[in-house]
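1. sequence and predicted structure below; questions after.
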Amino acid sequence: MIYVDADACPVKAEVERVATRHRLQTYVVSNGGLRPSQNPLVENVIVPDGPDVADMWIAERAGPGDVVITGDIPLAAKCVEAGARVLKHNGEALTAANIGNVLATRDLMADLRAADPFRQGGGKGFTKADRSRFLDALERILQAIKRETP
């Protein structure tokens, strides 16, 4: 299965296209406001408003053999710990080997932003190259899962 943390996900259409090709059930989880897919393999899950409600829904279900698409690092850490494969929107895989460093960097940047209220910017825009890397990474992960599954 594929779980998409969908509220700010720029690659929902790409996930649906790849999931359909692999005939994988996909859950697009959000607080609402997204146009539902007509694809029978894609289920839109609307969770109540509230901090991290969509993240909790995904974290409670994702496990070995599943793929989670998210830019939320704490959610990624929970899913990696549960055995799921995690991809950021730019195709970067978050794994047991790198999630600790990614979490530490996230916390450091949050501290720097809190210490300097005049700090501007910091985020990069999402590019065609990011989209391409994401598609390639998702395909590679799904192929790897197929090879590993008896």
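-> Ah, there it is. Everything numeric here is computed off the predicted structure, so don't read it as measured data.

2. what is the helix or strand containing Thr20 packed up against?
-> Secondary structure from DSSP states H and E places Thr20 in helix 12-22. With contacts taken as 3 or more CB pairs under 8 Å, 6 or more residues apart in numbering; DSSP states H and E, helix 12-22 sits against strand 2-5, strand 26-30, helix 128-148. Where C-beta positions appear, they are placed from N, C-alpha and C, glycine not excepted.

3. mind listing the strands the first one pairs with, and their directions?
-> I take that to be strand 2-5. strand 26-30 (parallel), strand 67-69 (parallel) (DSSP bridges).

4. Asp52: which of those strands is closest?
-> Between Asp52 and those, the tightest spacing by CB to CB is seen for strand 26-30, at 11.5 Å.

5. quick one: the helix or strand following the closest one to chain centroid distance?
-> Sequence-wise, the next helix or strand downstream of strand 26-30 (DSSP H and E) is strand 42-46. Chain-centre distance of strand 42-46: 15 Å, with CA atoms, centre = their mean, to the nearest Å.

6. same thing with stretch 74-82?
-> How far stretch 74-82 lies from its chain's middle: 10 Å, per CA atoms, centre = their mean.

7. and if you look at stretch 128-144?
-> Counting by CA atoms, centre = their mean, stretch 128-144 comes out at 12 Å from the chain centroid.

8. need the residues that contact it.
-> 10-11, 14-15, 18, 22, 24, 67, 69, 85, 87-93 (CB atoms under 8 Å, 6 or more residues apart in numbering).

9. mind giving me the PyMOL command for buried ones among the residues you listed?
-> Selecting only the buried entries of these in PyMOL, with 16 or more other CB atoms under 10 Å as the criterion:
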select buried, resi 11+14+15+18+24+67+69+85+87+88+89+90+91+92+93
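
10. low-confidence ranges, the protein, go.
-> 104-114, 116-123 (pLDDT under 70).

11. try 80
-> Scanning the chain for pLDDT under 80 picks out the ranges 33, 51, 99-126, 149-150.

12. any idea how far Asn101 is from Arg133?
-> 19 Å (CB to CB, to the nearest Å).

13. do Asn39 as well
-> Note on Asn39: its distance to Asn101, by CB to CB, is 36 Å.

14. for the two, work out which one has more neighbours and name it.
-> Between Asn39 and Asn101, counting by other CB atoms under 10 Å, Asn39 is the more crowded of the two (13 against 9).
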